[in-house]
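Asks: mind folding the following:
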Amino acid sequence: MQRQQTKTVTNNAHPLEGLRQKWMDYSMLFKFRLTLLVIFSAVVAYMIAAQSAINWIAIVVLSLGGFLITAAANTLNQVLERDYDKLMNRTANRPLAAGRMSVSEAVLTAGFLSLAGISLLALFNPWTALLGTISLISYAFVYTPMKRVSPIAVFIGAIPGALPTAIGVVAIEGTISSLAIALFAIQFFWQFPHFWAIAWVGHEDYSKAGFQLLPSKTGEKDKNVGLQSFIYALLLLVVSWSPYVLGVTGIVSAIILTILGLIYAFYAWKLYKLCTKEAALRLMFCSFFYLPIALLVLLADKI
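Replies: Here you go, the predicted structure:
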């Protein structure tokens with residue numbers, strides 16, 4: 001009787017464990033944390049551009065559309081890189097690399113997500129849907145294969161990486177305005193020190209898959225990585241004043257973003273001087289805080 005009860009409990013646990021694993025697999029496939037940052041950027045940009053009371057239904061539609069398109073892009077990225085993901089410690093357990101999910105299931109999922117996401121963005125205006133489509137295609141089919149060809153992949157990837165803020169503005173303004181370009185520029189230049197710091201920390205792992213992500217002449221970790229990170233951090237300092245120059249936000253946010261930018265540039269300079277993993281880690285963690293704080297500061301000052 002005891003053996004029969006144990007067998008019953010075990011059998012009942014199997015479906016729940018399977019559902020739990022499927023949930024975890026789709027979480028990895030969609031890259032939930034990265035996707036949430038995309039949604040955050042688009043929504044805050046939408047609110048910065050708003051000239052009247054916030055339409056919360058529009059916020060929900062924008063969030064859902066952004067989530068679906070980003071999840072589709074991440075899914076296609078893992079379909080194309082499944083054989084390379086097997087070679088790296090950080091990605092070997094992804095569902096496609098580990099063989100827990102079929103390619104056909106992932107591709108079909110990406111197809112449905114793409115159609116639904118673009119359709120939702122099209123409810124705002126054609127420009128929003130077009131930018132969403134460009135983001136999806138450039139990330140999945142240009143940036144992803146280019147990573148094994150040239151470090152220019154980081155520049156290419158920074159374009160879809162910065163489009164969420166532009167999409168947020170265009171969703172409410174219906175055109176690619178000066179504000180859309182300004183917020184795009186802030187997120188665009190922020191990405192270079194951010195991504196190169198990540199590439200430095202994970203260089204050995206990335207090298208196993210043949211990814212060429214560092215901007216040094218040899219493709220290895222050297223002073224040129226820190227120097228270029230510092231240069232882009234200085235460019236970020238300049239463009240962070242654009243919302244103030246456009247009259248969208250006030251001087252307070254411009255000053256705060258200048259302080260944030262100087263801190264960001266300082267850690268990039270330290271990477272240039274020290275060329276150590278510890279310096280790259282500090283720059284990486286600084287980058288995690290810069291973008292959400294900067295966008296929230298712009299929103300608070302605008303309000």
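Asks: output the below-cut-off pLDDT ranges for this protein.
Replies: 1-14, 217-219 (pLDDT under 70).
Asks: domain map for the chain?
Replies: Following automatic domain parsing, one gets these domains for the chain: 1-176, 177-303.
Asks: can you put these in a markdown table and add mean neighbour count?
Replies: Glycine gets a C-beta too; all of them are placed from N, C-alpha and C. Converted to a markdown table, the domains of the chain look like this (neighbours: other Cβ atoms under 10 Å):
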| stretch | mean neighbour count |
| --- | --- |
| domain 1-176 | 18 |
| domain 177-303 | 19 |
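Asks: now do the strands in the stretch 51-200 of the chain.
Replies: For the stretch 51-200 of the chain, strands defined by DSSP state E, counting those that start in this stretch do not occur.
Asks: please name the nearest non-neighbouring residue to Glu173.
Replies: Ala49 (5.7 Å; Cβ to Cβ, 6 or more residues apart in numbering).
Asks: what's Asn55 sitting at in phi/psi?
Replies: The phi/psi pair for Asn55 (degrees, to the nearest 10) reads phi -90, psi 100.
Asks: I'd like the distance between it and Leu179.
Replies: Relative to Leu179, Asn55 is positioned 18 Å away (Cβ to Cβ, to the nearest Å).
Asks: one more: Pro126?
Replies: From Pro126 to Leu179 the distance is 19 Å (Cβ to Cβ).
Asks: would you check that Pro215 makes contact with Gln228?
Replies: Yes - shown here, Pro215 and Gln228 form a contact pair, counting by Cβ atoms under 8 Å, at 5.0 Å.
Asks: what touches both of these two?
Replies: Trp196 (Cβ atoms under 8 Å, 6 or more residues apart in numbering).
Asks: show me where the stretch 151-300 of the chain has helices.
Replies: 153-173, 178-201, 203-208, 223-239, 242-245, 251-274, 277-302 (DSSP state H, counting those that start in this stretch).
Asks: for the fifth one, packing partners?
Replies: Contact here means 3 or more Cβ pairs under 8 Å, 6 or more residues apart in numbering; DSSP states H and E; on that basis helix 242-245 packs against helix 178-201, helix 251-274.
Asks: contact partners of the last one?
Replies: Contacting residues not belonging to helix 251-274 are listed as 190, 193, 197, 200, 223, 225-227, 229-230, 232-234, 236-237, 240-241, 243-244, 279-280, 282-283, 286-287, 290, 293-294, 297-298, 300-302 [Cβ under 8 Å, 6+ apart].
Asks: try stretch 208-227
Replies: 81, 84-85, 87-88, 147-151, 153-154, 195-196, 199-200, 203, 206, 228, 268-275, 279.
Asks: now do the end-to-end distance for that stretch.
Replies: End-to-end distance for stretch 208-227: 25 Å, by Cα to Cα, to the nearest Å.
Asks: repeat for stretch 236-245
Replies: 15 Å.
Asks: so who does Leu68 touch?
Replies: Leu113, Ser114, Ala116, Gly117, Leu120.
Asks: and the gap between the closest residue to Gly132 other than its chain neighbours and Ser102?
Replies: With Cβ to Cβ, 6+ apart as the criterion, Gly132 has its nearest non-adjacent residue at 4.5 Å, and that residue is Leu121. Leu121 sits 29 Å away from Ser102, going by Cβ to Cβ.
Asks: for the helix or strand hosting Val38, packing partners?
Replies: Using DSSP states H and E, the element containing Val38 is helix 32-49. Counting contacts by 3+ Cβ pairs under 8 Å, 6+ apart, helix 32-49 is packed against helix 56-80, helix 153-173, helix 178-201, helix 277-302.
Asks: so Asp205 sits right up against Tyr84, yeah?
Replies: No - in this structure Asp205 lies outside contact range of Tyr84 using Cβ under 8 Å: 10.8 Å.
Asks: need phi/psi at Thr276.
Replies: Thr276 adopts backbone torsions of phi -120, psi 160, taken as degrees, to the nearest 10.
Asks: let me see the contact set for Thr175.
Replies: Per Cβ under 8 Å, 6+ apart, neighbours of Thr175: Trp127.
Asks: spit out the contact partners of Ala73.
Replies: Contacts of Ala73 were listed using Cβ under 8 Å, 6+ apart, and they are Ser135, Leu136, Tyr139, Ala140, Pro160.
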